[in-house]
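Chemist: quick one, what's the 3D model for this:
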Amino acid sequence: MKIRPLGDRVLIKPSQEPEKTKGGILLPDTAKEKPQEGKVVAVGSGKKTDDGKIISVSLKVGDKVLYGKYSGTEITVDGEEYLITREEDILAVYE
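Modeler: From the prediction side, this is the model:
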């Protein structure tokens with residue numbers, strides 16, 4: 001299934017959390033924090049202004065991003081988890 005975000009929304013594949021700590025302690029799913037970083041999988045066409053102009057999204061597919069802890073909507077497609085969020089909820093792009 002192919003997902004195309006609308007407007008200024010961005011589809012993110014959250015990065016996977018490590019299963020154990022640096023000291024070797026295994027972490028159960030309930031103890032793991034939600035990831036706040038991921039990779040951009042798809043971007044929308046941009047935000048439409050009141051006069052009909054489209055302001056394109058500044059992100060591109062493949063960008064690694066940091067986003068707010070409670071931002072966006074989590075979805076599952078074909079067993080894979082994704083996050084759809086607005087561009088304004090993206091805090092930073094990193095390498």
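Chemist: for residue 89, give me phi and psi.
Modeler: phi -90, psi -10 (degrees, to the nearest 10).
Chemist: quick check: nearest residue in space to it, chain neighbours excluded?
Modeler: residue 71 (3.8 Å; C-beta to C-beta, 6 or more residues apart in numbering). Placement of C-beta: from N, CA and C, glycine included.
Chemist: just the pLDDT for the residue minimising distance to the centre of the chain.
Modeler: When C-alpha atoms, centre = their mean is applied to the chain, the residue found nearest the centroid is residue 12 (2.8 Å). With respect to pLDDT, residue 12 has a value of 96.
Chemist: what's the separation between it and residue 50?
Modeler: For residue 12, the distance to residue 50 (C-beta to C-beta, to the nearest Å) stands at 28 Å.
Chemist: what sits against residue 63?
Modeler: By C-beta atoms under 8 Å, 6 or more residues apart in numbering, the contact list for residue 63 reads 39-40, 93.
Chemist: over to residue 5?
Modeler: Contacts of residue 5 (C-beta under 8 Å, 6+ apart): 11, 42-44, 84.
Chemist: quickly check those residues for the two that are furthest apart.
Modeler: 43 and 84 (10.8 Å; C-beta to C-beta).
Chemist: what sits in contact with each of those two?
Modeler: 5, 9-11.
Chemist: what about residue 40, which SS state?
Modeler: Applying DSSP: H, G, I helix; E, B strand; the rest coil to residue 40 yields a three-state assignment of strand.
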